[in-house]
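Colleague: build me a model from this:
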Amino acid sequence: MVDASSNGCRFDKGQTSVSILDENWNKKFDQVKEYYNEKFKCIYIPNKPENRTLCNWLNKQRCRRSKLSLVRKEKLDSINFMIKGKFEIEWMTRYNELKSYVARTGGKVQFPVANLDKDTLSLSYWVFLQKSHMREKTISPHRMELLQQIGVVDYETKKVVLNHSLNDKKWSIMFQELLKYKEQYGDCLVPVRYTDDSKKPALGRWINKQRIRHRKNHIGYQNENDYRINKLNEVGFQWSLHK
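Modeller: Below you'll find the predicted structure:
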């Protein structure tokens, strides 16, 4: 034993400041490891005041990853510490919803415009975002592989019909209104000033807008043009009233 300070504190020779730091680090690691989610293969620490210190420690390890020792890096990598659990769980939950949807629709990643409910619209928007990330190469290889396994590809491959984003909700609703009009009147020749039960000429204006955008080749975005045009053609939509 050796005297470590003038106040009489004594330490074993092997108990250096480095070993004490290692001990503290390992304690923190063990605490973080308790929050490892086996199902989603990531760390998820609930956002509570009592967990703030632990969350800060984990974030510090992420920031210092390149400076960590090989031993520490291997330990942290074993629990996928770089993956932010909350976002990973949310992403995987969405992915599993999509996987179930694809199974129900015969293995196709397609979202027909007609009869889309709120949940399906939300899911189609999520897929739209994933395709954007794929095209811009801002998605992890792991997520890319999972999406490709169930048939999701980016815009450039053109292997599946482009999904519709939540921004297309109004278009989908108006298309369904057009189907109701055709069922009632037998055609898609909706007058510009046509009003429904709401007394608002929304459908007529929407129809006119589709014709104008078609002339300008601006029905939607990229391949979505063909999709919307095809849907309107399928119901006998007349693009010009001067034939």
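Colleague: which residue ranges make up the domains of the chain?
Modeller: 12-77, 85-157, 170-234 (automatic domain parsing).
Colleague: any chance of TSV for these, columns mean neighbour count and distance to Ser240?
Modeller: C-beta here means a position set from N, CA and C on the backbone, and glycine is covered the same way. Compiled in TSV, the domains of the chain are given as follows (neighbours: other CB atoms under 10 Å; distance: least, CB to CB, whole Å):
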stretch	mean neighbour count	distance to Ser240
domain 12-77	13	53
domain 85-157	15	22
domain 170-234	15	7
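Colleague: do you know which of those lies nearest Leu241?
Modeller: domain 170-234 (7.7 Å; CB to CB).
Colleague: what mean pLDDT does that closest one have?
Modeller: Taken as a whole, domain 170-234 has a mean pLDDT of 77.
Colleague: would you turn the domains of the chain into JSON lines with distance to Leu241?
Modeller: Below are the domains of the chain laid out as JSON lines (distance: least, CB to CB, whole Å):
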{"stretch": "domain 12-77", "distance to Leu241": "55"}
{"stretch": "domain 85-157", "distance to Leu241": "23"}
{"stretch": "domain 170-234", "distance to Leu241": "8"}
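Colleague: do you have the strands of this structure handy? List them.
Modeller: Using DSSP state E, the strands assigned to the chain run over residues 2-3, 10-11, 36-37, 42-43.
Colleague: off-centre distance for the third one?
Modeller: By that I understand strand 36-37. Taking CA atoms, centre = their mean, to the nearest Å, the mean C-alpha location of strand 36-37 is offset from the chain mean by 21 Å.
Colleague: tell me the helices and strands packed up against that strand.
Modeller: strand 42-43 (3 or more CB pairs under 8 Å, 6 or more residues apart in numbering; DSSP states H and E).
Colleague: averaged pLDDT, the strand it packs on. What do you get?
Modeller: Mean per-residue pLDDT for strand 42-43: 82.
Colleague: which strands or helices does that strand pack on?
Modeller: Using 3+ CB pairs under 8 Å, 6+ apart: strand 42-43 touches strand 36-37, helix 85-104.
Colleague: repeat that with 6 Å
Modeller: The contact analysis (3 or more CB pairs under 6 Å, 6 or more residues apart in numbering; DSSP states H and E) places strand 42-43 against helix 85-104.
Colleague: gap between Lys84 and Gln61?
Modeller: Distance, Lys84 to Gln61, using CB to CB, to the nearest Å: 12 Å.
Colleague: got it, and Val235?
Modeller: Val235 sits 57 Å away from Gln61, taking CB to CB as the criterion.
Colleague: now do Gly151
Modeller: 37 Å.
Colleague: which residue packs closest to the most centrally placed residue in the chain, ignoring adjacent ones?
Modeller: The chain has Trp126 as the residue nearest its centroid, 4.4 Å off, counting by CA atoms, centre = their mean. Nearest non-adjacent residue to Trp126, counting by CB to CB, 6 or more residues apart in numbering: Arg94, 5.1 Å away.
Colleague: need the contact list for Ile89.
Modeller: Phe40, Tyr44 (CB atoms under 6 Å, 6 or more residues apart in numbering).
Colleague: heads up, I number from 56, so please use that
Modeller: All set: I'll call the first residue 56, so the last point we hit is now Ile144.
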